[in-house]
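Colleague: Requesting a structural model of the entry that follows:
(one chain, ligands or ions: 1)
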Amino acid sequence: MAEIPLTLAEATEKAKELRTQLNQYAHEYYVADKPTVEDYVYDRLYKELSDIETEYPDLITSDSPTQRVGGKILQGFEKVTHEVQMYSLNDGFSKEDIYDFDERVQKLAGKPVSYCCELKIDGLAISLRYENGRFVQGATRGDGTVGENITENLKTVKSIPLELKKPISVEVRGECYMPKQSFVNLNKEREEAGQDVFANPRNAAAGSLRQLDTSMVAKRNLSTFLYTVADFGPMTAQTQFDALNELSEIGFRTNPEKKLCQTIDEVWAYIEEYHEKRSELPYEIDGIVIKTNEFTIQDELGFTVKAPRWAIAYKFPPEEAQTIVEEIEWT
Ligand SMILES: NC(=O)c1cnc(OC2CCCC2)nc1N
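Modeller: Take a look at the predicted model:
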């Protein structure tokens, strides 16, 4: 039976209800990795909202899930200057490098230091700015000072919230990456279409975010892990570990494998643990990032021109990265 058309007032109310419900389901699926409904439930509500928006285009809002599919053809990417520089990391390649780092930090800090250890996601660094809870700008790292405005492309990345859980103004940074399985599927498609394949998931993510057709980006199944707060706004975390939890509380996807270590021996054990586990992860990592946990100590130690003195990236031996992807291709 044909639905009786809604009045504008009914449609306005219904659209708001559907948006809230759909955005909650999308958060559970793409951010929390804990979906509570089957896809068909989401799809049915999505169609209901899409039909209302077709009937009443004025009801379309920037945080409507229908805006995630892209559809804009960009002319190019404008430049963005990062108010807070996006630093890179000094690298370590051996156990000795990591223990030397600990010695330097303990000496500079002049007191016991705890470390927040994080998997080093092998993707593309991005910066996201929110005003009163709304996503207003997304940019690449570029050279650390000037990056490219890729806001429209990032709006199609489902794990990036268009609206935070609190109406706060913050700037956060993290990694945009392509999951291993999505990488394998994309290369299979490209091979069948006679196109060049991507060498690795990082290149595939970078290539996807450079697309000028935003509907292409929407199809690439990119995801994110956020790990830095550049502008805290009203956020209160005093340590890196708490900041990661606070990022998650306001709606961002953060990596669940983080560990707070009280000694460098614990750090080294964590490095060995994930050197073993990396092939089982659904995304590529190229090492482990070790950060002094307390922000007071980070402030004391500060930065060199390019990188913080209070962090180091332990890099896994590169040759294994290739094997990991080859193994995946045969599954
Ligand atoms: N690829 C990563 O997963 C990653 C990269 N960088 C950082 O922290 C840097 C950022 C600026 C100072 C410390 N953390 C990470 N987890």
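Colleague: and the spatially most central residue of the chain, backbone torsions?
Modeller: For the chain, Thr224 is the residue whose C-alpha lies nearest the centre (C-alpha atoms, centre = their mean; 2.1 Å). Phi and psi for Thr224, reported as degrees, to the nearest 10, are phi -140, psi 160.
Colleague: wait, doesn't it sit right on Gly174?
Modeller: Yes - using C-beta atoms under 8 Å, Thr224 is in contact with Gly174, at 5.5 Å. (Glycine included, C-beta is placed from N, CA and C.)
Colleague: Can you list the buried residues in stretch 244-254?
Modeller: Neighbour counts over stretch 244-254 (16 or more other C-beta atoms under 10 Å) mark 244, 246-248, 250-254 as buried.
Colleague: what is the mean pLDDT for it?
Modeller: Stretch 244-254 shows a mean pLDDT of 98 in the predicted model.
Colleague: Can you lay out the buried residues of stretch 244-254 as TSV showing secondary structure and distance to the ligand?
Modeller: Output for the buried residues of stretch 244-254, formatted as TSV (DSSP: H, G, I helix; E, B strand; the rest coil; distance: C-beta to the nearest ligand atom, whole Å):
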residue	secondary structure	distance to the ligand
Leu244	helix	9
Glu246	helix	16
Leu247	helix	12
Ser248	helix	14
Ile250	coil	18
Gly251	coil	18
Phe252	coil	13
Arg253	coil	12
Thr254	coil	9
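Colleague: Show me the beta-bridge partners of the residue nearest to the centre of the chain.
Modeller: Cys176 (DSSP bridges).
Colleague: Tell me which residues touch it, please.
Modeller: For Thr224, the contact set (C-beta atoms under 8 Å, 6 or more residues apart in numbering) comprises 123, 126, 157, 159-160, 174-177, 252-253.
Colleague: and if you look at Lys291?
Modeller: Going by C-beta under 8 Å, 6+ apart, Lys291 touches 115-118, 240, 298, 308, 310-311.
Colleague: Nearest to Leu74 among the residues you listed?
Modeller: Using C-beta to C-beta, Glu118 comes nearest to Leu74 of the contacts of Lys291, at 32.1 Å.
Colleague: Kindly list the main-chain dihedrals of the closest one?
Modeller: Dihedral angles (degrees, to the nearest 10) for Glu118: phi -130, psi 150.
Colleague: now do the one 4 residues further on
Modeller: Asp122 adopts backbone torsions of phi -100, psi 80, taken as degrees, to the nearest 10.
Colleague: if I look at it, how far off is Glu152?
Modeller: Taking C-beta to C-beta, to the nearest Å as the measure, Asp122 falls 24 Å from Glu152.
Colleague: Next: Asn245.
Modeller: Counting by C-beta to C-beta - Asn245 and Glu152 are separated by 30 Å.
Colleague: Stretch 293-300 near the ligand at all?
Modeller: No - using C-beta under 6 Å from any ligand atom, stretch 293-300 stays clear of the ligand, with a minimum separation of 9.0 Å.
Colleague: and that stretch, which residues are buried?
Modeller: So for stretch 293-300, counting by 16+ other C-beta under 10 Å, buried means 293-295, 297-298.
Colleague: neighbouring contacts of that stretch?
Modeller: Identification of contacts with stretch 293-300 by C-beta under 8 Å, 6+ apart yields 105, 108-109, 113-116, 237-241, 243, 260, 291-292, 308, 310.
Colleague: Could you do stretch 89-108 as well?
Modeller: 112-113, 264, 267-268, 271, 287, 289-290, 292, 297, 300-301, 304, 307-315.
Colleague: from those, which ones fall inside strands?
Modeller: By the criterion of DSSP state E, membership of the contacts of stretch 89-108 in strands covers 287, 289-290, 292, 311-315.
Colleague: Can I get the residues you listed in TSV including pLDDT?
Modeller: Shown next, in TSV, are the ones in strands among the contacts of stretch 89-108 (pLDDT from 0 to 100):
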residue	pLDDT
Gly287	98
Val289	99
Ile290	98
Thr292	98
Ala311	98
Ile312	98
Ala313	98
Tyr314	98
Lys315	98
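Colleague: What ranges does the stretch 201-331 of the chain have for its helices?
Modeller: Ranges of helices in the stretch 201-331 of the chain, per DSSP state H, counting those that start in this stretch, are 201-209, 214-218, 240-249, 264-277, 295-301, 319-329.
Colleague: hey, which of these is tucked in deepest?
Modeller: The highest average neighbour count among these, using mean count of other C-beta atoms under 10 Å, belongs to helix 201-209 at a mean of 21.
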